Structures are given as C-alpha cells and as structure tokens.
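Visitor: Build me a model:
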Amino acid sequence: MKKLLVLLLCFGLVGCATIYKPIPYEKKQHTYIATFDKSWAAIIEVISEENLPIATIDKTSGIILTSFVTTGMWGITKKDSILEPEARFTLNILVKSIDANTTRITINSHIERWVYNGWVDISNRDIILQDKYFKKLDEKLKI
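Guide: Numbering: from 1, shown residues only. Okay, the predicted model is just below:
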C-alpha cells in the first residue's frame, strides 16, 4: 500500500510539472515576396489597425519595438483579446531586405501574466501573437 501511495505521489508531482519548449525560430519569421518598402508599410498598417503603442521605430535598421499592451482588469480590456486576462505583451519586430523583391519579417513577443503580486514571463508558452500578426501581414502582402 505504501508503494502504491508513493507511486501515485510521484506521478502527481511529475504531472504538475510543466516544461515549455522554446518557440522555434522559424515560427517567429516569415519571408515575403515584396519589397522592403511594401513590407514596412504593411507592418506599420497592422500596428496602426491594432492600436499598438510604438516605443521605438527606425526604418533604416528595420526595427520596431512596441510598448506594453495590457489586457484584463488593470489595463485595456479588448473584447477580442487572444491573451488570458491580466496579461501584457510587447512586440519586437525586425524587417530585413533579403534582395530587391524579398523581405523577411521577424516578430518576437514578450508576454507576461499577472500572478498574485507580480508579472511572470509566459513568452515561451505559444506563438499566438506571432500567428495573429503574420495572418494580418499575409493578407496585406497577398500570400
């Protein structure tokens, strides 16, 4: 009986442990058959449509950094929020010209969730933000 109890306890502890795998780099970037200027305009349009606050923007280097966007009780409540309540995120975007007609866009997200009395990084759980913004870019760049 003791062995069974110990075995159940071990399985219970292992079952509670969650290990998140890092998001593969390929999932964070898309390559488009479009000029740098067309790709840059498309990502700026997506950011504007989503009302994302821009912290840094530099077209020469192709870098866009957003400020934190908060969803849930203590921030902006979005009815179509794809994040869990009481979460916030930032996006780091790199637009890079591969050649005259090809551009690679990389989107890295940093997601935090409010837990008890502090923010906890949950960035490696999934790629919901990247998927959302790449779908919008695909539409604009006709993929």
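
Visitor: okay, and for the chain, where does confidence drop off?
Guide: Counting by pLDDT under 70, the chain contains low-confidence ranges at 1-26, 72-85, 125-126, 143.

Visitor: Okay, helices next: where are they in it?
Guide: Listed from the start of the chain, the chain has helices (DSSP state H) covering 2-16, 36-49, 128-140.

Visitor: quick check: angle from the last one to helix 36-49?
Guide: Inter-element angle recorded for helix 128-140 and helix 36-49: 120 degrees (by axes from the mean of the first three to the mean of the last three CA atoms, to 10 degrees).

Visitor: Mind exporting the C-alpha coordinates of helix 128-140 to CSV?
Guide: Output for helix 128-140, consisting of C-alpha atoms alone and laid out as CSV, is shown next (Å, rounded to 0.1, in the frame of the first residue of the first chain):
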residue,chain,number,x,y,z
ILE,A,128,-0.5,33.2,-30.5
LEU,A,129,0.8,36.7,-31.1
GLN,A,130,3.1,35.9,-33.9
ASP,A,131,0.3,33.9,-35.6
LYS,A,132,-2.2,36.7,-35.3
TYR,A,133,0.1,39.4,-36.8
PHE,A,134,1.5,37.1,-39.5
LYS,A,135,-2.0,36.3,-40.7
LYS,A,136,-2.7,40.0,-41.0
LEU,A,137,0.6,40.6,-42.8
ASP,A,138,-0.2,37.6,-45.2
GLU,A,139,-3.5,39.3,-46.1
LYS,A,140,-1.8,42.7,-46.8
